[in-house]
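> fold the stuff below for me.
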Amino acid sequence: MAEEIDAAATALRARWGAEIAISQVDELGGSGRSAVYRATLTGGDAPAPTVVIKTYPEGSSTWPDEAAAAAYLGPAGGGLAPDLLALDPDRRILVITDLGDHPQLADALLAGDPELAERALLDWADGLGTLLARTFGGRRDYLRRRTDLGLPPSAFDPRTMLSEAWAGLDEVVRARLGLAAPAGFAAELDDALELFDDPEHEVVGPSDLCPDNNLITADGVRFIDLEFAGCSPVFLEVGYVRVPFPTCWCFFEPPSELLTRAEDVIRQRLITARPGLADDAVWRRGMARATALWTVNRAHGLVSRLPELQLQAWQHRGAQLPARDAVAIRLLARATTTIGDELPSCTEFLTAIHRRIVADFPVPDLLPYPAFRT
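Coordinates of the predicted model:
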């Protein structure tokens, strides 16, 4: 760690001035993808009293995306995301603004106060809508900043990931469940992927909007952990909320009415920048296709693991969480409401997959978030 902290100090001095030194370092945790530290700075040239240092293991493919996202979203987001203060690309070290110690949306959802959880989710939605609205049309500036930093192209390609899952679902379902996709399922992929060919509704978004990738401050929500951020259809970002949270550990059964309110809060913020999103037909079409892409992606992973499913509850952050695959199965059940008749073959196929799995496996019921249990 000492060598990495020294490298971070060198990167800070190269950008901000020779007097900067790091006087104290505290571990903040991290994940298998990165380690996170808070560093106290001294010296008259220091950009802030403290900064956050993120380091990534050798072979990491996500650090360039976080560096580029911080360089763009920090300024463009008006403080709703950390800014990039210094970078050592050879050692995969980022220095970003320290947004402080604050609770996360996940904390509120996993606690026992429904009013706190409701307020946190709606504040989070307001912050997300504001951030996304500020990044419409940001591709050129984002790519310019990425080029200026000398960063390689992103290794994360959501279009390819989602399209491959859709294209492969029919084959894996035939092999594992003996079901064939409806005739129109393959053609609906092209329809759904049109979201990626719509520059009017493209944003630079966080992508991984798990409820623990944020900080709820007195001045509003701040979004962190930008390792998968980049240019994305706005509907795909908001679709992560409608599904909801398709790739996150923090998933229970959410109150459907509250999810609808959260989506509407996001939409109202987006309308300030793109008034055409007030058209219900435009919104319904985009959201159904984004939700379908997220759900099909999760369905592909689920069915690929059959007959070995993870159907046991597990512990994380002091909470007992529902079985991972029970969550994925519940997402299939929600397809009729989240996708509906916009993509009828997709909805029919996902519903059939759900019926077969729950008939063949002892799938436990999904409880509400702890905050909303009576």
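> so, low pLDDT: which residues of this structure?
By pLDDT under 70, the chain has no low-scoring segment.
> report the longest strand in it, please.
Ranked by residue count under DSSP state E, the longest strand found in the chain is strand 21-31.
> tell me which residues in that strand are buried?
Residues of strand 21-31 classed as buried: I22, V25 (neighbour count, 16 or more other Cβ atoms under 10 Å). For the C-beta atoms, the positions are set from N, CA and C on the backbone; glycine is no exception.
> just use 296 as the starting number from now, easier for me
Yes, from this point I'll number from 296; that puts the last item at strand 316-326.
> on contacts alone, who are the packing partners of it?
In terms of contacts (3 or more Cβ pairs under 8 Å, 6 or more residues apart in numbering; DSSP states H and E), strand 316-326 is packed against helix 297-311, strand 329-337, strand 345-350.
> tilt between it and strand 345-350?
Orientation of strand 316-326 against strand 345-350 (axes from the mean of the first three to the mean of the last three Cα atoms, to 10 degrees) gives an angle of 50 degrees.
> related to what we said a few turns ago, for P657, find the nearest of the helices and strands packed on strand 316-326.
strand 329-337 (37.0 Å; Cβ to Cβ).
> if we can go back for a sec, now the longest strand of the chain, how far from the chain's geometric center?
Remark: strand 316-326 is offset 25 Å from the chain centroid, using Cα atoms, centre = their mean, to the nearest Å.
> let me see the domain layout of this protein.
297-392, 400-667 (automatic domain parsing).
> where do the helices sit along the stretch 446-595 of the chain?
With helices called from DSSP state H, counting those that start in this stretch, the stretch 446-595 of the chain shows them at 453-472, 480-488, 529-537, 551-566, 575-599.
> so what touches the first one?
Residues from elsewhere that reach helix 453-472, judged by Cβ atoms under 8 Å, 6 or more residues apart in numbering: 474-476, 480-481, 484, 487-488, 491, 502, 525, 527, 531, 588-589, 591-592, 594-596, 598-599, 601-602, 644, 648, 651-652.
> quick one: buried residues of it?
Buried residues in helix 453-472 (16+ other Cβ under 10 Å): P453, L457, S458, A460, W461, L464, D465, V467, V468, R471, L472.
> same list, the residues you listed, but as a markdown table with distance to D620 please.
Shown next, in a markdown table, are the buried residues of helix 453-472 (distance: Cβ to Cβ, whole Å):
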| residue | distance to D620 |
| --- | --- |
| P453 | 22 |
| L457 | 20 |
| S458 | 23 |
| A460 | 16 |
| W461 | 20 |
| L464 | 16 |
| D465 | 20 |
| V467 | 15 |
| V468 | 15 |
| R471 | 13 |
| L472 | 14 |
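> quick one: which of these is nearest G433?
Distance to G433 across the buried residues of helix 453-472 (Cβ to Cβ) is lowest for P453, with 16.4 Å.
> what about the helices and strands packed on strand 316-326, which gets the closest to T357?
strand 329-337 (7.6 Å).
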